[in-house]
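Undergrad: Sequence and predicted structure, then a few things I'm wondering about:
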Amino acid sequence: MNLRIYRAVGFTGIAQVLASAGSHYLPAVTVIPASKDLGLSPATIFAAFSLALCVSAFAGPYVGRLVDRFGGRPVLMMSSVSFAIALTLLGFSQGLLSVLIAYAILGFGMACGLFEVAFATIVRLFGKESRNPITGVTLIAGFASLVGWTTSVYIESKFGWRGTCWFWAATHVLIGLPVNALVPKPDTTTTQKPTPAATAEAVTTPATATTTSPVVQHSPGKYTGVLLAFVFAASSFVGMGLMTHMPRMLEGIGVPLAVAFAIGAFVGPSQVLGRLLDFFFMRRWHPLISARIAAFAHPVGATLLMIFGAPVAALFVVLHGIGNGILIISRGTLPLAIFGTRGYGQRQGWLMMPSKFAQAAAPFLFGLAVTEWGSGALWLSGGLGLGIFAALCLISSKYKPD
């Protein structure tokens, strides 16, 4: 069983690195040279990337249902093919229409190949025991920014933005597709756990009976899904907004721009640190507890930054990164802990739909806030962080789904 977990986590994690490198982290490198070559404004191409996020949002529930039915392997393989087609077309694009078509296909690939499907794949394989494997996938995926940006910058400097697109297209075919094909198939004897059988098992031993009988288990409240969707959307908005505008915001509080970029680079390692903390110290806690602590990290950092200014900029970035890293894990673990395994993939698609729209809007809206308010944009991100914490506190940790 351990070998099966290592295989699933390893191959799914590697696939996440490639999927993110060829999608989320690509525009930062290619948009400026592409806009000059195509005669389009950078804002127009970023809008095309927002289109990809919207396509990913709408396709999410359908793709999740496919994972529930067939397992993650064929869906992840489909993502490799979609990424390859989209990036090949993007490399050949000659105008706005071809760019939009390429990014729309890229959006479908994102729906099939990013975290939501990775989490659903793990849950389809390991059911209730998926928390540690989910954390393992996010740990490996934490290297996506390092791999994506450094590789794309190097390839773009040698072969241009079109060559960069074609490089990642080839990578998805030659590496991504075989890696996804090696993800284990789900074991039908362990992935479906009918309630009657679970109930029968629960009363076979006195120990189990005494554990479950005093507590009346209720289904999650009708607003629980709404609260979770808000948590994921708000955290995605803050994460994407700061990913795009953090150096400029830090510059507004007196940090030199070159230093701001260097400090901003701590976000990636800090996210990995957060995931390590979750794996080694928080994995026995209910995921709501670790998520609440993580949600509070950004408001604390923002408050310190507004009070003390530039000297605590690095501390702010580290606190934000640690919290964001754990909150990304919670996108997989919270729905599992609250709703259970049944219909997990499709539910993930619905829960993450607002998150995709928030990601699409964050670069523009958060950029507008930084332009108008400068470092006062921290009131927005810190307020959203407190809202996330409050929403998590409104969700009960007593749900014990079958």
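TA: Arrived safely.
Undergrad: For the residue nearest to Leu378 when sequence neighbours are not counted, which residues are in contact?
TA: Leaving out its chain neighbours, the residue that sits closest to Leu378 by CB to CB, 6 or more residues apart in numbering is Ala302, at 4.4 Å. Placement of C-beta: from N, CA and C, glycine included. Contact partners of Ala302, counting by CB atoms under 8 Å, 6 or more residues apart in numbering, are 316, 378-379, 381-382, 385.
Undergrad: What of Thr164?
TA: By CB under 8 Å, 6+ apart, the contact set of Thr164 is 26, 29-30, 152, 155-156.
Undergrad: what's the closest of those residues to Leu97?
TA: Checking those against Leu97 with CB to CB, the nearest one is Thr30 at 18.0 Å.
Undergrad: The closest one against Trp149, yeah?
TA: No: assessed by CB atoms under 8 Å, Thr30 is found out of contact with Trp149, at 11.3 Å.
Undergrad: So these two - more neighbours on which side?
TA: Just comparing Thr30 and Trp149: by other CB atoms under 10 Å the higher neighbour count belongs to Thr30, 22 against 17.
Undergrad: State the distance from that one to Gly148.
TA: 11 Å (CB to CB, to the nearest Å).
Undergrad: swap in Leu257?
TA: Taking CB to CB as the measure, Leu257 falls 22 Å from Gly148.
Undergrad: likewise Leu392?
TA: For Leu392 relative to Gly148 (CB to CB), the value is 30 Å.
Undergrad: quick one on the thing from earlier: would JSON lines of the contacts of Ala302 with neighbour count be doable?
TA: Shown next, in JSON lines, are those (neighbours: other CB atoms under 10 Å):
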{"residue": "Phe316", "neighbour count": "27"}
{"residue": "Leu378", "neighbour count": "25"}
{"residue": "Trp379", "neighbour count": "13"}
{"residue": "Ser381", "neighbour count": "23"}
{"residue": "Gly382", "neighbour count": "19"}
{"residue": "Gly385", "neighbour count": "27"}
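Undergrad: Name the nearest residue to Met246, sequence neighbours excluded.
TA: If you skip the residues right next to it in sequence, Met246 has Gly264 as its closest partner in space, 4.7 Å away by CB to CB, 6+ apart.
Undergrad: How many neighbouring residues does that neighbour have?
TA: Neighbourhood size, Gly264 [other CB under 10 Å]: 22.
Undergrad: and what of Ile338?
TA: Neighbourhood size, Ile338 [other CB under 10 Å]: 24.
Undergrad: same check, this time on the one 4 residues further on
TA: Using other CB under 10 Å, the number of residues around Arg342 comes to 16.
Undergrad: low-scoring stretches of the stretch 301-402 of the chain, by residue?
TA: Residue ranges of the stretch 301-402 of the chain with pLDDT under 70: 399-402.
Undergrad: Would you mark the buried spots in the host helix or strand of Val370?
TA: Element membership of Val370, judged by DSSP states H and E, is helix 344-373. Neighbour counts over helix 344-373 (16 or more other CB atoms under 10 Å) mark 344-363, 366-367, 369-370 as buried.
Undergrad: Equivalent analysis for stretch 133-150, please.
TA: Buried residues in stretch 133-150, counted by 16+ other CB under 10 Å: 133-149.
Undergrad: and what of stretch 249-260?
TA: Using 16+ other CB under 10 Å as the test for burial, stretch 249-260 gives 249-253, 255, 260.
Undergrad: Could you dump those into TSV with secondary structure, distance to Ala120 and pLDDT added?
TA: TSV is the format used below for these (DSSP: H, G, I helix; E, B strand; the rest coil; distance: CB to CB, whole Å; pLDDT from 0 to 100):
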residue	secondary structure	distance to Ala120	pLDDT
Met249	helix	34	86
Leu250	helix	36	87
Glu251	helix	40	83
Gly252	coil	40	83
Ile253	coil	40	86
Val255	coil	40	86
Ala260	helix	37	83
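Undergrad: Distance to Ala295 added to these, as TSV?
TA: Shown next, in TSV, are those (distance: CB to CB, whole Å):
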residue	distance to Ala295
Met249	20
Leu250	22
Glu251	26
Gly252	24
Ile253	23
Val255	25
Ala260	25
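Undergrad: check contacts around Arg283.
TA: Neighbouring residues of Arg283 by CB under 8 Å, 6+ apart: 131-132, 135.
Undergrad: With Ser41 instead?
TA: Contacts for Ser41 (CB under 8 Å, 6+ apart) come out as Ser35.
Undergrad: How many neighbouring residues does Ile293 have?
TA: When neighbours are counted by other CB under 10 Å, Ile293 comes out with 19.
Undergrad: That one is in contact with Ile326, isn't it?
TA: Yes: using CB under 8 Å, Ile293 makes contact with Ile326 at a distance of 7.5 Å.
Undergrad: Residues that sit against both of those two, list them.
TA: Counting by CB under 8 Å, 6+ apart, the shared contacts of Ile293 and Ile326 are Met282.
Undergrad: so where's the stretch 151-300 of the chain shaky on pLDDT?
TA: Residue ranges of the stretch 151-300 of the chain with pLDDT under 70: 188-222.
Undergrad: show me where it has helices.
TA: Secondary structure of the stretch 151-300 of the chain by DSSP state H, counting those that start in this stretch: the helices cover 177-181, 188-191, 195-202, 206-212, 224-251, 257-264, 267-281, 287-308.
Undergrad: Of all the ones you listed, which one comes closest to Lys398?
TA: Proximity to Lys398 (CB to CB) singles out helix 287-308 among the helices of the stretch 151-300 of the chain, at 9.9 Å.
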